[in-house]
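**Q** Quick one: sequence plus predicted model below, questions after.
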Amino acid sequence: MKRSDLEKHLGKVVTITLFDNEIITGELHKSGEERVKNNPNLYIPQNLYFLICPQSCLFRSSHVKKLKER
């Protein structure tokens, strides 16, 4: 998925299917955001994404096969 398409959904609750067919649901965020400044694992990497509530792994926009806004 293109980064620009994925970033349209930042801060929203989404269901994502990753390249390995893992399905995860949560609020979409991008690494480097001010709210995760105290967590270097989420703040320092660039152009990676993750879900919160529950927290998921970091992934690239190219790892997303399918995205559905909830």
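**A** In hand now; what should we look at? Quick caveat, the model's predicted, so the values are computed rather than measured. Numbers count the residues shown, from 1 in each chain.
**Q** Is I16 in contact with S61, as I believe?
**A** No. In this structure I16 lies outside contact range of S61 using CB atoms under 8 Å: 10.5 Å. For the C-beta atoms, the positions are set from N, CA and C on the backbone; glycine is no exception.
**Q** Those two - which one has more neighbours?
**A** When I16 and S61 are compared for neighbours, I16 comes out ahead with 23 against 17, by other CB atoms under 10 Å.
**Q** Check the gap between the more buried one and L51 for me.
**A** Distance from I16 to L51, counting by CB to CB, to the nearest Å: 7 Å.
**Q** anything in contact with each of those two?
**A** With CB atoms under 8 Å, 6 or more residues apart in numbering applied, the overlap between the contact sets of I16 and L51 consists of 24-25, 28.
**Q** As JSON lines, the residues you listed with distance to K65 and secondary structure would be great.
**A** Formatted as JSON lines, those follow (distance: CB to CB, whole Å; DSSP: H, G, I helix; E, B strand; the rest coil):
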{"residue": "I24", "distance to K65": "12", "secondary structure": "strand"}
{"residue": "T25", "distance to K65": "15", "secondary structure": "strand"}
{"residue": "L28", "distance to K65": "15", "secondary structure": "strand"}
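**Q** From those residues, list just the buried residues.
**A** In the shared contacts of I16 and L51, burial by neighbour count holds for 24, 28, counting by 16 or more other CB atoms under 10 Å.
**Q** and of the shared contacts of I16 and L51, the nearest to I44?
**A** If you rank the shared contacts of I16 and L51 by distance to I44 using CB to CB, L28 comes first, at 19.0 Å.
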